[in-house]
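Colleague: Next input, structure requested:
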Amino acid sequence: MYIGIIGRKNNDKITFNKEIIAVIVKYGFIPLGIIVDFENDSDKEFIKIKPLIDLCSGIILQGGSDYYDIDIVITKYLYKNNIPTLGICLGMQTMAMAFNGIMGEIDNHKSDKLYVHNVDIDKKSRLYVILKKDKIRVNSRHHSYIAKTDLKISGQDNIIEAIEDNNKDFFIGVQWHPETLMDENSILLFNYYFSTIK
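Modeller: Got it, this is the predicted structure:
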């Protein structure tokens, strides 16, 4: 079964996170990189890539620098069709923005350190069910943040760090990079995500 990764624009290239690819392979799935023409009209581009998305049993929205209209179109389609979706960093932010999100800039959340700050987990969230912890330590490599979204906020420190919708099989976004940490909490998150793939 395929797990799709939506490409990110990086200067004049479309890139895919090698650590996410490695995680998908580790869990016995086939990574399918979906190359997007970000210069194209978002509706026309979605028609082109929809057959690839429909091949996938799940999608991971990877991190990056900027999101585009096509990212919102893709996210809403994943949500509507209950396709298991894990958003990481910018991927989480894209999920939030697809549901009336507001984004701001922040300058103290980008670090190369492995662990940077704590995240408080809402005990009434699915993320808490997965991790069984109300506080975890995470990395932090982002320059923007989500100030508001209609999705449930399941983790935060001084900003929103995790979002979800419990009405879906798996629709969770995290602001940190579990694919880099691959610690106990990351493994629990990936275990649960891949267990929802049908």
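
Colleague: Packing partners of the worst-scoring helix or strand of the chain on mean pLDDT?
Modeller: The helix or strand of the chain with the poorest confidence is strand 102-105; it has a mean of 90 (mean pLDDT, DSSP states H and E). For strand 102-105, the elements it packs on are helix 90-97, strand 144-148, judged by 3 or more Cβ pairs under 8 Å, 6 or more residues apart in numbering; DSSP states H and E. Just so you know, the C-beta spots here come from the backbone N, C-alpha and C atoms, and that holds for glycine as well.

Colleague: in its sheet, what does that strand sit against?
Modeller: strand 144-148 (antiparallel) (DSSP bridges).

Colleague: tell me which residues in the partner strand are buried?
Modeller: Across strand 144-148, burial judged by 16 or more other Cβ atoms under 10 Å covers Ser144, Tyr145, Ile146.

Colleague: Contacts only, for the last one.
Modeller: The contact partners of Ile146, by Cβ atoms under 8 Å, 6 or more residues apart in numbering, come to Met92, Gln93, Ala96, Met97, Gly101, Ile102, Met103, Gly104, Ile159, Ile160, Ile163, Gln175.

Colleague: quick one: which of those residues is nearest to Lys113?
Modeller: Gln175 (15.3 Å; Cβ to Cβ).

Colleague: Check the secondary structure at the residue nearest to the closest one when sequence neighbours are not counted for me.
Modeller: What sits nearest to Gln175 in space, not counting adjacent residues and going by Cβ to Cβ, 6 or more residues apart in numbering, is Glu161, at 4.5 Å. Of the three states, Glu161 takes strand under DSSP: H, G, I helix; E, B strand; the rest coil.

Colleague: Tell me who's in contact with Glu161.
Modeller: Val119, Val138, Gly155, Val174, Gln175, Trp176.

Colleague: Check Phe170 too.
Modeller: Counting by Cβ under 8 Å, 6+ apart, Phe170 makes contact with Gly58, Pro84, Thr85, Leu86, Tyr192, Tyr193, Thr196.
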